[in-house]
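> The following comprises the amino acid sequence and a computationally predicted model.
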Amino acid sequence: SLKTGRPCIRFQQTSNVAKRVADSLHERINSENKRTVGGAGIFGGGQGGCLVLVVDRRLDPVTPLLSQWTYQAMVHELFGI
């Protein structure tokens, strides 16, 4: 249930893209919260809801090292040949 509180949005400060996404999400949550019938909002009290992490995958140096580098290795990994 969303009545637990507003989500806490955290983003990667070294990424402008992550900041823009977090700001856009924050604005969207606020606008949707104001549009509800009766003015009560979809969220209960203040903070204390879920945690939303916004991470820019372009700044992730580890993930490419975890996957296969050749087409033969990728086919073997996907199809078990």
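Looks like it came in fine.
> count of neighbours near Leu25?
Number of residues near Leu25 (other C-beta atoms under 10 Å) recorded here: 15. Any C-beta I mention is one placed from the backbone N, CA and C, and that applies to glycine too.
> Spell out for me which residue occupies the centre of this protein.
For the chain, Val54 is the residue whose C-alpha lies nearest the centre (C-alpha atoms, centre = their mean; 4.1 Å).
> Name the nearest residue to it, sequence neighbours excluded.
Phe11 (4.1 Å; C-beta to C-beta, 6 or more residues apart in numbering).
> How much space separates that neighbour from Lys34?
23 Å (C-beta to C-beta, to the nearest Å).
> who's more crowded, these two?
For Phe11 versus Lys34, neighbours defined as other C-beta under 10 Å are more numerous around Phe11 (20 against 10).
> give me phi/psi at the more buried one?
phi -140, psi 160 (degrees, to the nearest 10).
> the longest helix in the protein is where?
helix 16-35 (DSSP state H).
> which secondary structure elements does that helix contact?
On a contact count with 3 or more C-beta pairs under 8 Å, 6 or more residues apart in numbering; DSSP states H and E, helix 16-35 meets strand 6-11, strand 47-54.
> Alpha carbons of the least confident helix or strand in the chain by mean pLDDT, in PDB - could you do that?
Across the helices and strands of the chain, the lowest-confidence element by mean pLDDT, DSSP states H and E is helix 63-66, at a mean of 72. Below are the C-alpha coordinates for helix 63-66, written out as PDB (Å, rounded to 0.1, in the frame of the first residue of the first chain):
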ATOM      1  CA  THR A  63      29.000  -5.200 -15.500                       C
ATOM      2  CA  PRO A  64      30.800  -5.400 -18.900                       C
ATOM      3  CA  LEU A  65      33.500  -7.500 -17.300                       C
ATOM      4  CA  LEU A  66      30.900 -10.100 -16.100                       C
END
